[in-house]
Structure formats: structure tokens, C-alpha cells
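Chemist: just coords:
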């Protein structure tokens, strides 16, 4: 690893070039998204730009993060929309009232940070937060789909807005729809286009840039009608972005005259909760992808974002948070210090001043399709499936929170979803209300220091989201690098949010050199195979599933080793490139054996890992094999090639390695994407026999870390017969490699 960049002005002097280059890419993404977020929230378009500029220029000087990017985010859209409806008294001051709520929420947020209450965000149930985000996604789609189609729904109901999108299909303006469909096509296929010209700008900028020629082709600059299939449609300036001629004209100020109303404080606390939770979650996600493994001071970050939100509210901006997409782009483009955030804010100011005349020629539907695409991702079928895969009860919490948020507001959705989760925990634990809370707050959970310097963290009673702050206090007493055994054997119930906390602590402690193990869950059962799922204790040992019984019988028959328990020690797997960039949850149903005549050992296990970060993360389960060869081989990655099959090749593009092809084996080269640093060694390793072997055997991903091979076929759990085939495949490949060096 490179030397960690210096902080402060020394870091600015040493890294200004790399930070500035990264900031250009971030600003190009932030420009259209900031405008679009403001429009979707029912605010003036420039409110989003003001927020992004303040998030860059102001937040940089007081923050706890290192390479995160601050600005407006989609999470606040639903809150602002609702606040405008609640406080609209016909005076034309509705957004000014919102700005006052933004200022007050920022002030409270800053105080929470100063009081070191940044960890409060951890107590909110994970599925409840995801349910709120799904509701926000639906709200975005419901409002923006009409802009993208050129229709209009006047109903205040979000559900009715969605219904109207179908009812009004015959009234769609084809000249607006064409622009939206072109934009959607670009968003879907931008990453699949290999031409370098199309990667000169990020996808959102292409959507905006390519919409302008259509505005000229259809002459959106003068009110008139166009005919399509014999029907006339109105087009004109009302379909274009309306922004002031000068930046100064965009400045608006808060109106505090609603400060004594319930609607005002509902808006304040809704903004406070969603921005705090999202900012802290994203800060932790950014830490995971920071190449220098620096940690964010969450309390300082909360204060910095609160102060910036106050500043933005005073001059007409939206609430500010850390933004995951822009932060990821910032890191991938080489940013090293916090100053890249400052540069992107200044660049945005420059862009909007220079490009203001051009931006006023952009059709509104171009921004709308950006937000429809974003909103759909927040509430796509995959999100519902992910909740279901985490447990039936998690799907109930998720959907319940989403429905309550859609029919009421974010604050009621959060409180109602949390109450739903709490009542469900009580019913599952089969306890009275008094006993249930005693087992949370008087559980006798304690931290014990061992003579060898390690620690035993004995957790008792009910371990759910209400107990997070207590366990956080105990965990804070454990020094970095210390060994820890987390014993859950005396728990009645372990909630998913609590497991989230324990796994994050486990990963953080291991990064500092400590050995951490989670034990005592042998007699707990879950409604799903997800390793962080809610766990309920039984009086007797948990029963094995039919698949586990078959694997155990196979191990007995073949003299293999088998363990059905969760193994949190996945350090060796992280030595493979695939898992360097994808956090591993753990492995279970582990089968181990050796090919004695080859001096090769193997391990087959079910592995749970994440793709993506923070609220956009997806969880996958797959069965894989690790073949330890006990000899040195080249480091390489090989996976099945195909436009729609390479779902995990997002980061490979940044490695700079090209696909290694073999001219005399066109079928192999067409079938597999082969990459590695030392091309000559890799070509020598892939002999005729090896190439023919891979041509004749189906495999999705195979990777070498220099001494072992990581192999899996599909992103799913293997059946018993597929496990047997895995073992046979490994032996055949190991035999071939042994003969190659004999």
C-alpha cells in the first residue's frame, strides 16, 4: 500500500493534481443530478446546485471524512415534497419555509455531532431504513414519470400518481417520450458500450447533452404544436429547464414564520433523521472503499454536514449529505484527500456560470428520466427479493414501513416501522413487555478481559436494535488489534441490525490485526440462510436442513470434514481479487478434503458477499471451491465472457489490464475474459492442454492468487450432485497442473 496522504494544507500541496482530476469527473456527474434532485423535490432547480457547491466549499473545512463528496441526495426528495405540501399556505413562500426547516435541522445535526451522538443512527432497524428508501424511490418515480412522458397528474396521492401514469398512456407526448427513451437507453447501456468516446463523459451528462439536439429538432423554444399520427401535441419553453440568468438571482432566504407549527417541526425532524442516517451509513461505506483504509470521525462529520446544511439553507440550498455515487467516482478517479470535495464544489460553480445559457436549453424530461432510473433502483423487484432473502420477517418490516411512509410521511414511517419490528421481536421471543425490555436493558451483558490480553464479550438476553448503544459502549473499551470472542449462547433473540453491528465490528477489529470470532449460535434458528438474519434461540440444537444432511452424509462416506456452522474467518478468501473489492459476510456448510496423491487440499463452502455500498449494496450467495496447489503459479483472473453475464466486472475496468487473447484458440478467447499483470507468465501457464480443458468445462469464474485457485460456476448455492462434480472438476484440474510441472 502507498503512503497515506498527509492531512491539511500539506495534503493539498502534495496531491492537488490527482484531487483536481478526480473532481472534474465528480462535478460532471453532480451537475445534472443536483439539478434533477431539486426539480424532483419541487424546489427551484438551482437549489440543488447551491447545495452541491456549499457541500464542496464549506463542508471541506470541517469534516470527519477523507474522500467522500458532499451535496444533495435523492433521500431528501420525499421529505421536501411533503414539507412543501404541508406548509403551502398560498403565499408563495412554501419553499422559504422549507429553507427555514433546513437551517434548523442543520443546527440540531451539528449539536448532535458535538455531543458525540453520531452512533444514534445505528439504532434504527436496517429493514425499516430500506423500506423508507424504497418509498422514496416510489415517490420519485410517481412524480417524475409524468414529466418523462409529457403527462400531468394533479392528484396529491402517490399511489394515484402511479395509476395515472398507466391511465394517461394514450395522452403521452411522443416528442417528450422520445427524448426520455433515448436517455433511458444511454443509462442502461452506457457501461456496455466499448467505444472510448462514450466514456469521455459520465452517463448522466450524455443524457443531458444528447437531449439538447432534440430540443432544437422539435423547437421547444417557441410555443407551437407538432403532429404525430394525426394528433397535435403542444411543445414549447414550458418543457425546458428554467434557471435564472445569473447565479445571484438564484439566492433565496428562509422564512421562519412557521416555526410554531407542527408541520414545520415534522419537516425538521424528517430532514434531520434521513440526512443523519444516510450520511453516517455512506461515510462508513466510503471508508470500506478508501484505498488507504482511513476511518471517518462520524461525530465530526455529522457536525460538519450540519453546519453546511445550515449555510445551504440560508442561501436557498437543499440539505447536504455524503453522496455514495459521487464519492465512489471520486475514489476510482484517484482522489487522495478531502480537497477533491472542495475542487468539485468550485468546478460546479464555474460550470453553472459558464454553462447556464446551455443548461436552459435542456428538456425537463432529460432530468426526469435520470430520476426515474434512480427511483426504480431504490424500489426494484431485486430490492424486495433481497429483503425476503434476509428473512420473512424482514420483508414484513420492509413492506410495512414502505406502505406507512407512502400513505403518511417519513417520520411516521420510521416510527411505525420500528414499532412493527419491536412488536414482532416480542412475539417471537414470547415474553411479556416488561420482561422483554428488562432483557434488553438489564441483560447482564459484559466484557471480560482474559489473562492473554484478549477479550470475551458475553451478550445475554434480547440483542436487537434497541441494545446497539449499550454494546457500542462495551466495544469502545476493546483496544485495536485485540483478540475478541463474541459469545451469543445466552441470547434469546439476535436481531439483524444487531448482527450488522457485530459483523462490522468484527471486520474493523480484524483490519487492525485482531482475531475475532462470533460463537454461541448453534442452538439458534432463522427464517432464511442469510448469515445476518434474525436468530431465535431454541431449547435444543438446531436441526440440519436436508441439503446439510446430504453434505454431512457425503463427508462421512468419503472421509471429508464438514461443518454447518458459520465461519467468520474469511481472511484467506480476501487474498483473491474478487473478494478484495467485495466484502465477505462469512462462509458456512464447509466441506474440506485432500487429493493425497497430488498433495493438493481443497475446500468447498457457501459464501455470502456484498456487491455495492451502503443502501445500494446487494447480497449474493454462492458455492465456491478453493484449490490450494502448494506451488507458485501466475496471478490472473478468468471469467466467462458475455455482455450480460459479466455482472461482476465493474471494477476490472480500472485495473488497466487488457483481455489476453490466444489467436490460435479463438473459441477460448471468445468464451473467456482473461486478465493479469504478467502477460508472458500467463501465456506460458495456459498450455494447449489447459486451454482445451477450460474449453470443455463450464465455469463462470476462476482466479489465481499465486498459490491457489478460486473457482465458482454460478452465483447460487450448489446442489449435492453439483458439489460432487466440483470435487471431480478440482481433481481433474489439479492432476493436469501437476503433470504440467512434472
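Modeler: Everything's here; your move. It should be emphasised that the depicted structure is a prediction, and the values quoted were computed from it without experimental measurement.
Chemist: Quick one: the strands in the stretch 301-450 of the chain, in order.
Modeler: 321-323, 446-449 (DSSP state E, counting those that start in this stretch).
Chemist: Which stretch among those strands is buried most, on average?
Modeler: The highest average neighbour count among the strands of the stretch 301-450 of the chain, using mean count of other C-beta atoms under 10 Å, belongs to strand 321-323 at a mean of 31. Where you see a C-beta, it was placed from the backbone N, CA and C, and this is true even at glycine.
Chemist: So which bits of the longest helix along the chain are buried?
Modeler: As assigned by DSSP state H, the longest helix anywhere in the chain is helix 8-40. For helix 8-40, the neighbour count (16 or more other C-beta atoms under 10 Å) marks 11-12, 15, 18-20, 22-23, 25-40 as buried.
Chemist: before we move on, the earlier item: for residue 508, which of the strands of the stretch 301-450 of the chain is the nearest?
Modeler: strand 446-449 (16.3 Å; C-beta to C-beta).
Chemist: Strand partners (parallel or antiparallel) of whichever helix or strand comes after the closest one?
Modeler: Downstream of strand 446-449, the first helix or strand assigned by DSSP states H and E is strand 455-463. Strands that pair with strand 455-463, judged by DSSP bridges, come out as strand 446-449 (antiparallel), strand 484-494 (parallel).
Chemist: So which residues lie in contact with the shortest one, not counting its own?
Modeler: Strand 446-449 is contacted from outside by 455-458, 474, 477-478, using C-beta atoms under 8 Å, 6 or more residues apart in numbering.
Chemist: quick one: average confidence on that strand?
Modeler: Average pLDDT, strand 446-449: 93.
Chemist: Ok, stretch 636-649 next?
Modeler: On average, stretch 636-649 scores 59.
Chemist: buried ones in stretch 329-336?
Modeler: Result for stretch 329-336 [16+ other C-beta under 10 Å]: buried residues 329-336.
Chemist: what about residue 315, how many neighbours?
Modeler: For residue 315, the neighbour count with other C-beta atoms under 10 Å is 17.
Chemist: And for residue 433?
Modeler: 10.
Chemist: how about low-confidence regions in this structure?
Modeler: Within the chain, the stretches with pLDDT under 70 are 1-2, 194, 539-543, 612-617, 641-658, 741-742.
Chemist: one step back: for the longest helix of the chain, name the packing helices and strands.
Modeler: helix 45-57, strand 69-71, helix 77-87, helix 126-149, helix 203-217, helix 324-332, helix 339-359, helix 364-378 (3 or more C-beta pairs under 8 Å, 6 or more residues apart in numbering; DSSP states H and E).
Chemist: Please identify the deepest-packed of those.
Modeler: Highest mean neighbour count among those (mean count of other C-beta under 10 Å): strand 69-71, a mean of 34.
Chemist: Packing partners of that one?
Modeler: Short answer (3+ C-beta pairs under 8 Å, 6+ apart): strand 69-71 packs on helix 8-40, helix 45-57, strand 321-323, helix 324-332, helix 339-359.
Chemist: so how far is that strand from its chain's centroid?
Modeler: Relative to its chain's centre, strand 69-71 lies at 16 Å (C-alpha atoms, centre = their mean, to the nearest Å).
Chemist: Ok, stretch 691-698 next?
Modeler: Averaging C-alpha positions (C-alpha atoms, centre = their mean) puts stretch 691-698 36 Å from its chain's average.
Chemist: Flag every buried residue along it.
Modeler: 691, 693-694.
Chemist: In CSV: those, plus secondary structure and distance to residue 305.
Modeler: Putting the buried residues of stretch 691-698 into CSV (DSSP: H, G, I helix; E, B strand; the rest coil; distance: C-beta to C-beta, whole Å) gives the following:
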residue, secondary structure, distance to residue 305
691, helix, 54
693, helix, 55
694, helix, 50
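Chemist: Pipe those into JSON lines and attach distance to residue 70 per row.
Modeler: What follows is those, written out as JSON lines (distance: C-beta to C-beta, whole Å):
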{"residue": "691", "distance to residue 70": "50"}
{"residue": "693", "distance to residue 70": "51"}
{"residue": "694", "distance to residue 70": "47"}
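Chemist: from these, which is closest to residue 681?
Modeler: Nearest member of these to residue 681, counting by C-beta to C-beta, is residue 691, at 15.4 Å.
Chemist: so what's that closest one up against?
Modeler: Contacts for residue 691 (C-beta under 8 Å, 6+ apart) come out as 662, 665, 668.
Chemist: which among those end up buried?
Modeler: If we count by 16+ other C-beta under 10 Å, these have these buried: 665, 668.
Chemist: Need the contacts of residue 691 in JSON lines (columns: secondary structure and distance to residue 725).
Modeler: Listed next are the contacts of residue 691 as JSON lines, based on three-state DSSP; distance: C-beta to C-beta, whole Å:
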{"residue": "662", "secondary structure": "coil", "distance to residue 725": "26"}
{"residue": "665", "secondary structure": "coil", "distance to residue 725": "24"}
{"residue": "668", "secondary structure": "helix", "distance to residue 725": "21"}
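Chemist: Endpoints of stretch 470-483, how far apart?
Modeler: Length of stretch 470-483, first residue to last, C-alpha to C-alpha, to the nearest Å: 20 Å.
Chemist: in that stretch, what's buried?
Modeler: The neighbour-count check on stretch 470-483 (16+ other C-beta under 10 Å) flags 471, 475, 478, 482-483 as buried.
Chemist: before we move on, what about stretch 282-294?
Modeler: 282-290.
Chemist: if we compare the helices and strands packed on helix 8-40, which one ends up closest to residue 439?
Modeler: Across these, closest to residue 439 is helix 126-149 (C-beta to C-beta), at 20.9 Å.
Chemist: and the angle from whichever helix or strand comes after that closest one to helix 126-149?
Modeler: Using DSSP H and E, the helix or strand that follows helix 126-149 towards the C-terminus is helix 158-167. Between the axis of helix 158-167 and that of helix 126-149 there is an angle of 40 degrees, by axes from the mean of the first three to the mean of the last three C-alpha atoms, to 10 degrees.
Chemist: residues in contact with helix 158-167?
Modeler: Contacts for helix 158-167 (C-beta under 8 Å, 6+ apart): 138-139, 141-143, 145-146, 149, 151, 153, 155, 406.
Chemist: One more pass at 6 Å, please.
Modeler: If you take C-beta atoms under 6 Å, 6 or more residues apart in numbering as the criterion, helix 158-167 is touched by 139, 142, 145, 153, 155, 406.
Chemist: wait, which of the contacts of residue 691 is closest to residue 489?
Modeler: Nearest member of the contacts of residue 691 to residue 489, counting by C-beta to C-beta, is residue 668, at 51.6 Å.
Chemist: ok so, going back, can the buried residues of stretch 470-483 go into TSV with extra columns for distance to residue 678 and secondary structure?
Modeler: As requested, those are exported to TSV (distance: C-beta to C-beta, whole Å; DSSP: H, G, I helix; E, B strand; the rest coil):
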residue	distance to residue 678	secondary structure
471	46	helix
475	43	helix
478	41	coil
482	39	coil
483	37	coil
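Chemist: List just the nearest of those residues to residue 602.
Modeler: Nearest to residue 602 among the buried residues of stretch 470-483, with distances taken as C-beta to C-beta, is residue 483, at 28.5 Å.
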